[in-house]
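Enquirer: below: sequence and its predicted model.
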Amino acid sequence: MKRLEELYPRLEPNNEKVRILKNPQFLFKSRLFLQFNIDIKKIKLREKLNKLLYKPEIYMRSQVPEKFYDILMIFNQIRKCYKIAEIVSSNLFPNTEHLI
C-alpha cells in the first residue's frame, strides 16, 4: 500500500471528480486479482462512465454482454462511494471474470 501511495499521491482532497478510497485498517484474507499478476488493474473506457450509462443500448441485453453490463453497474456504484467501508459492506469488488 505504501508503494501505491507513492505512485498515486493524493494531490487534493476527495471531490466529485477524483476520489482515493483507502483505509489501512481494512485487511483482506486473500487477494482477488492474483491471476492478473499485477498490483493494480487499470481499466480504460472509451467514453466516461456517466455518458455510457445514459446510452439506451447499454440496457439492451441483446446488444451488450451481461458481464460488461454488470461491471458497468458495479463501477457506477463504486463511483458513488465515499469510503472503502461502503464498497466492502456492499460487496462491490468486481470478480476476475468481470475484468477479463
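Expert: Arrived safely, thanks for sending.
Enquirer: quick one, grab the pLDDT at E86.
Expert: On the pLDDT scale, E86 is placed at 89.
Enquirer: which element is it on?
Expert: When elements are defined using DSSP states H and E, E86 is found to belong to helix 84-89.
Enquirer: so how far is that helix from its chain's centroid?
Expert: Remark: helix 84-89 is offset 12 Å from the chain centroid, using CA atoms, centre = their mean, to the nearest Å.
Enquirer: got the contact list for that helix?
Expert: Applying CB atoms under 8 Å, 6 or more residues apart in numbering, the external contacts of helix 84-89 come out as L21, K22, N23, F26, I78, C81, L92, F93. Every residue, glycine included, has its C-beta placed from N, CA and C.
Enquirer: swap the cut-off to 10 Å and go again
Expert: Residues lying outside helix 84-89 but in contact with it, judged by CB atoms under 10 Å, 6 or more residues apart in numbering, are 20-23, 25-26, 28, 74, 77-78, 80-81, 83, 92-93.
Enquirer: using ChimeraX, make a named selection holding only the buried ones among those.
Expert: With 16 or more other CB atoms under 10 Å as the criterion, this ChimeraX line picks the buried residues out of the contacts of helix 84-89:
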select :74,78,81,92
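Enquirer: counting contacts, what elements does the lengthiest helix in the chain pack onto?
Expert: If each helix of the chain is counted by residues according to DSSP state H, the longest one is helix 66-79. Helix 66-79 sits against helix 49-53, helix 84-89, helix 96-99, with contacts defined as 3 or more CB pairs under 10 Å, 6 or more residues apart in numbering; DSSP states H and E.
Enquirer: hmm, which helix or strand of this structure has the shakiest average pLDDT?
Expert: helix 96-99 (a mean of 62; mean pLDDT, DSSP states H and E).
Enquirer: the one residue sitting closest to the centre of the chain and E6, how far apart?
Expert: Centre of the chain computed as the mean C-alpha position; nearest residue by CA atoms, centre = their mean is F75, 4.8 Å away. Distance of F75 to E6, given as CB to CB, to the nearest Å: 25 Å.
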